[in-house]
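A.B. asks: got a predicted model here, sequence first, then my questions.
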Amino acid sequence: MSRVRPVFLGLARLAVAGLFLAACIAKIRDPGAFALAVHRYRILPGEGVNLVALVLPWIELTAGLAVLAAPARLRAAGALIIAGMLSVFTLAISLNLLRGIEASCGCFSTRADAAVSDGWNLVRNGALIWLSLAVFLDAFRRAAPRPPKDSSP
């Protein structure tokens, strides 16, 4: 069992970081198209849409790099930020599904004809939240200060 845990956590880190690094590329390349994808959710006012379209991809990039290659404390922060973003994304998708608004999630493609969000996006996000929290807990434990060993006889 002790061999399985490090492998699982390593794969979880690769999966979460890899997905977020892949997801930010199209958004960084074309913030205008990503702004349109965010606008289609009909949740944020215009100024909020533009701010999210400009800032969110860089947060995704930074958090993904932290999960992939940073020391434990920064890895924990990156994983927690990713879990938070995924929670917000899941809430936004859920809200649109409840309101009957058909919009692409904007995750990996900013194209207008990208697949519309559905229940599978919620399942995927739930799994990614779980993996992100596993990475967070592991990194948090590794970053926690250890009490000094008692050297008394």
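C.D. replies: Structure's in. What do you need?

A.B. asks: what sits against Val38?
C.D. replies: 44, 49, 52-53, 106 (Cβ atoms under 8 Å, 6 or more residues apart in numbering). Placement of C-beta: from N, CA and C, glycine included.

A.B. asks: again, but for Leu80
C.D. replies: Contacts of Leu80 by Cβ under 8 Å, 6+ apart are 132, 136.

A.B. asks: same deal with the one 3 residues further on?
C.D. replies: When the contact criterion is Cβ under 8 Å, 6+ apart, the partners of Ala83 are 129, 132-133, 136.

A.B. asks: and which of these is nearest Ala17?
C.D. replies: Ser132 (9.8 Å; Cβ to Cβ).

A.B. asks: how much space separates the residue most central in space within the chain from Ala66?
C.D. replies: In the chain, the C-alpha nearest the mean C-alpha coordinate belongs to Ile82, at 3.4 Å (Cα atoms, centre = their mean). The spacing between Ile82 and Ala66, counted by Cβ to Cβ, to the nearest Å, is 9 Å.

A.B. asks: and for Ala79?
C.D. replies: On the measure of Cβ to Cβ, Ala79 and Ala66 end up 8 Å apart.

A.B. asks: who's more crowded, those two?
C.D. replies: Using other Cβ atoms under 10 Å as the criterion, Ala79 and Ala66 rank with Ala79 on top: 28 against 23.

A.B. asks: for the helix or strand where that one lies, buried residues please.
C.D. replies: Assigned by DSSP states H and E, Ala79 belongs to helix 72-99. Across helix 72-99, burial judged by 16 or more other Cβ atoms under 10 Å covers 74-83, 85-86, 89-90, 92-93, 96-97.

A.B. asks: what's the answer for stretch 35-48, then?
C.D. replies: Applying 16+ other Cβ under 10 Å to stretch 35-48 flags 35-41, 43 as buried.
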